[in-house]
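Colleague: What shape does this take:
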Amino acid sequence: MGIDRGGETGSDRLAASPEAESSGAAALGMSAGTALPMRPLRWLFRPDNARLLVLIALGVIFTFASPFFLTTNNLINVLMNAAVVGIVAAPATLLLVARQVDISIGSAVGFAATTLTVVAESRFGLGVAVLAAIGAAMGIAAINAVAITKLRVNSLIATLGTLAAFRGAAKLIGDGRSIRLDGFGFLGRSRFAIPGTDVRLPVAVLILLAVALLFSLLMRYTRYGLHMYAMGANPKAARLAGVSLERNVVIAFMLSGLSVALGSFILVSSIGATAPTTGMGLELLAITGVILGGASLSGGRGTIGGTLVAILILAVLDNGLTLMRVTSFWQEVVRGGLLVTAVAFDQLRLRRGKPEVRFEL
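Modeller: As a prediction, this is how the structure comes out:
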């Protein structure tokens, strides 16, 4: 996952794009708006449709398995549980599109959250604590970016190192204890009433939707987003075309740092405290969601919409298994199995399309 390694071209992504479908239709003498015939099974097994069907199927199963699943409060809990994961998974999608990976997310969230509470309980107050937490998250992102772009350390190894280092740093500055924080409940506990209904959506869910929309627009409609896809599809060709790989990677990690800070604020706000385990396992959920959502380990492929649906699948699965009183140990087994399955399908797709392409660490 180095930033200057070659690889497959972007033909797979191009073939799946609306522009490619339009050009293909024109080559067959059809207008761009002419509907091409599609067999029902082919439609069913298109990745985006398949993910939606899995989400619906899980909802149906858990609705019959538990009378508490299909209730307003429980569905809001599902969205709330998906909020922080979805917020940090958005920049993780952007990074993986460009063949970069950040597995330090969980430790970064924990370190930023601990920084927030430690500074807040001192004489500096909450305002300085918020700035300190943002600085802590951005500092970790900067370390990752420098290690990858300047020292040429593989992104997996670089972020693995910061994952371990800043988990320990969080315990050091927090003295390994839980720290309460009062008067910071807006982001995690406030709810917004939807006009004309009795539904009150958590502010955290609205923040998730805003973050997802911003990253989706960034990736689909900006030059920067197109450059990130080009870097993932073929970094050597992107560099020859004048794309600054290093600068784009630095920007992506800075965006990840901002999302980490926001996620840490929501976690502290909803719980009212931090602990040495705050954010632990968040990186596994985020990366699983990104890969399950259709992003490829070989780069050049991935969407925010696919990631969001995959995050919801994970949230529904956790919630449904909890309602069915399945032990949390089995839930961890299921999450790990989903990650391995998603990676396996990604590699099978690559081998079928281009036998010479392999994912290498």
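Colleague: can we go C-alpha only for contacts and neighbour counts from here?
Modeller: Will do.
Colleague: buried residues in the helix or strand harbouring residue 237?
Modeller: Counting by DSSP states H and E, the element that carries residue 237 is helix 235-240. Using 16 or more other C-alpha atoms under 10 Å as the test for burial, helix 235-240 gives 235-236, 238-239.
Colleague: next SSE after it?
Modeller: helix 245-271.
Colleague: which of the residues in that following helix are buried?
Modeller: Under the neighbour-count criterion of 16+ other C-alpha under 10 Å, helix 245-271 has 245-246, 248-270 buried.
Colleague: likewise stretch 326-345?
Modeller: Those would be 331, 335, 338-339, 342-343, for stretch 326-345 by 16+ other C-alpha under 10 Å.
Colleague: ok, the residues you listed vs residue 99, which is closest?
Modeller: Nearest to residue 99 among the buried residues of stretch 326-345 is residue 343, at 14.2 Å by C-alpha to C-alpha.
Colleague: any idea which element the closest one lies in?
Modeller: Going by DSSP H and E, residue 343 is in helix 328-353.
Colleague: Report all helices and strands that that helix contacts.
Modeller: helix 282-292, helix 304-323 (3 or more C-alpha pairs under 8 Å, 6 or more residues apart in numbering; DSSP states H and E).
Colleague: Tabulate those helices (TSV), appending mean pLDDT and distance to residue 151.
Modeller: Shown next, in TSV, are those (pLDDT from 0 to 100; distance: least, C-alpha to C-alpha, whole Å):
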stretch	mean pLDDT	distance to residue 151
helix 282-292	93	23
helix 304-323	94	30
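Colleague: out of the ones you listed, deepest packed?
Modeller: Ranked by mean neighbour count, these are led by helix 282-292 with a mean of 26 (mean count of other C-alpha atoms under 10 Å).
Colleague: quick one, it and helix 328-353 angle?
Modeller: Helix 282-292 runs at 40 degrees relative to helix 328-353, counting by axes from the mean of the first three to the mean of the last three C-alpha atoms, to 10 degrees.
Colleague: Near residue 88, how many other residues are there?
Modeller: The tally of other residues near residue 88 (other C-alpha atoms under 10 Å) stands at 31.
Colleague: List the residues that contact it.
Modeller: By C-alpha atoms under 8 Å, 6 or more residues apart in numbering, the contact list for residue 88 reads 105, 256, 259-260, 263, 286.
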